[in-house]
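Student: coords please:
(one chain, ligands or ions: 1)
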Amino acid sequence: MTMKRLKDRVAIVTGAGGGLGRTHALELARHGARVVVNDLDDSAQAVADEVCRAGGEAIAHIGSVTRHEEMDAMAAQAISRFGRIDILVNNAGILRDRTFAKMPLEDFRLVLDVHVMGSVHATKAVWARMQSQNYGRIVMTTSSSGLYGSFGQSNYGAAKMALVGLMQTLSLEGAKYNVRVNCLAPSAVTAMTAGLLPPEATDVLTAERVSPALIALVDQDAPTRMILLAGGGSFECAHVTMTRGIHIDDTANLAEALCGRMAEVQAQDDQFTPASGWDQPRHELAKALASPR
Ligand SMILES: NC(=O)c1ccc[n+]([C@@H]2O[C@H](COP(=O)([O-])OP(=O)(O)OC[C@H]3O[C@@H](n4cnc5c(N)ncnc54)[C@H](O)[C@@H]3O)[C@@H](O)[C@H]2O)c1
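Tutor: The predicted model follows:
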């Protein structure tokens, strides 16, 4: 029997009418959470019904993450039905793949709008409440396409990496209110990736094998500021690191000296993950002050 880790918790999952959102909703419910299933159409109701048939509790919200008033209405619906909101999973997404040379700007904007502003709207709708109740767990869905790049996905990659930036700062701002913010980078065969992944992936890289990673990110003991990769039962972490780098004193010939030492700048031994963006100027100032003049 499943341990009800999320008993009494209320979760919202955007874009949960299919794919990963659907398995997230089912998995959250299996762990005891009551779930608001959002999507653009009746697929949200179908998944909410599926959750209920499996013994969980869920309601549907039909609306677009691109409209902030609809996200406010979604949060209001969660409150009126379940009385609280503990967990938000920003999952809704679309693709508009083309090489950058051929990509219309509208497709770039649309993808940013759904992934980035969509996650902002839904997060904005729950943030103040999570802060005031001193509890919140938020997951942004990023992607290896953003973290590492992917041919033909400049719009999607930019959007997915923007969510890492959003997570980095929200995890800092949420810390003192026990609002923890993390990123999940899944790999699964879904409507979005059908045809992109090899056929043998179908039975292995299933959405069902990703959603347990979500539970780890929204649990009471969840980390914060983690970028968790999950696919086919494997789990990894990505870190945005900073190398130890070099310091050059010769201000007159800085560029020339630097060009000759780029390998040292990139060397990854002793690299570290800064605690916040301020670590960069802090380290650079310390190195400059420590160097003989
Ligand atoms: N499948 C993967 O391997 C993979 C890899 C990396 C990231 N992701 C991300 O995971 C998330 C889920 O993707 P998926 O693979 O399940 O794809 P999917 O296409 O099966 O599901 C996406 C869902 O989002 C919904 N949606 C789209 N626009 C919306 C909007 N404006 N408002 C509300 N809902 C909207 C769609 O209707 C759909 O049900 C996405 O953010 C995607 O970018 C998926």
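Student: helix or strand for the spatially closest residue to R67 that is not a sequence neighbour, just tell me which one.
Tutor: On the basis of Cβ to Cβ, 6 or more residues apart in numbering, the spatially nearest residue to R67 that is not a chain neighbour turns out to be H121, at 7.1 Å. (Each C-beta comes from the backbone N, C-alpha and C, glycine too.) Secondary structure assignment for H121, by DSSP states H and E: helix 118-132.
Student: show the average pLDDT along that helix.
Tutor: Per-residue pLDDT values over helix 118-132 give a mean of 98.
Student: please apply the same query to stretch 89-102.
Tutor: The model assigns stretch 89-102 a mean pLDDT of 98.
Student: between the two ends of it, how far is it?
Tutor: Its start and end residues considered, stretch 89-102 measures 32 Å (Cα to Cα, to the nearest Å).
Student: go through it and flag the buried ones.
Tutor: For stretch 89-102, the neighbour count (16 or more other Cβ atoms under 10 Å) marks 89-97 as buried.
Student: could you do stretch 243-258 as well?
Tutor: By 16+ other Cβ under 10 Å, the buried positions in stretch 243-258 come out as I248.
Student: circling back to that earlier point, so what's the residue nearest to R67 up against?
Tutor: With contacts defined as Cβ atoms under 8 Å, 6 or more residues apart in numbering, the neighbours of H121 are 65-68, 70-71.
Student: show me where the stretch 51-200 of the chain has helices.
Tutor: Across the stretch 51-200 of the chain, reading from the start of the chain, the helices by DSSP state H, counting those that start in this stretch fall at 68-82, 105-112, 118-132, 144-148, 154-174.
Student: what helices or strands is the longest strand seen in the chain leaning on?
Tutor: As assigned by DSSP state E, the longest strand anywhere in the chain is strand 179-186. Strand 179-186 is packed against helix 118-132, strand 136-141, helix 154-174, helix 211-218, strand 227-231, with contacts defined by 3 or more Cβ pairs under 8 Å, 6 or more residues apart in numbering; DSSP states H and E.
Student: list the contacts of T141.
Tutor: For T141, the contacting residues are 20, 89-91, 93, 119, 160, 163, 183-186, by Cβ under 8 Å, 6+ apart.
Student: ok, it to the ligand distance?
Tutor: In this view, T141 and the ligand are 4 Å apart by Cβ to the nearest ligand atom, to the nearest Å.
Student: the nearest residue to A162 once chain neighbours are set aside: how many residues sit nearby?
Tutor: Nearest-residue entry for A162: V116, 4.7 Å, with adjacent residues in sequence omitted and distances by Cβ to Cβ, 6+ apart. Other residues within reach of V116, judged by other Cβ atoms under 10 Å, total 20.
Student: ok, V116 touching V164?
Tutor: No. Under the criterion of Cβ atoms under 8 Å, V116 makes no contact with V164, lying 10.9 Å away.
Student: roughly how far does the nearest residue to G63 once chain neighbours are set aside sit from N155?
Tutor: Leaving aside its chain neighbours, G63 sits nearest to E70 (3.4 Å; criterion: Cβ to Cβ, 6+ apart). Counting by Cβ to Cβ, to the nearest Å, the gap from E70 to N155 is 23 Å.
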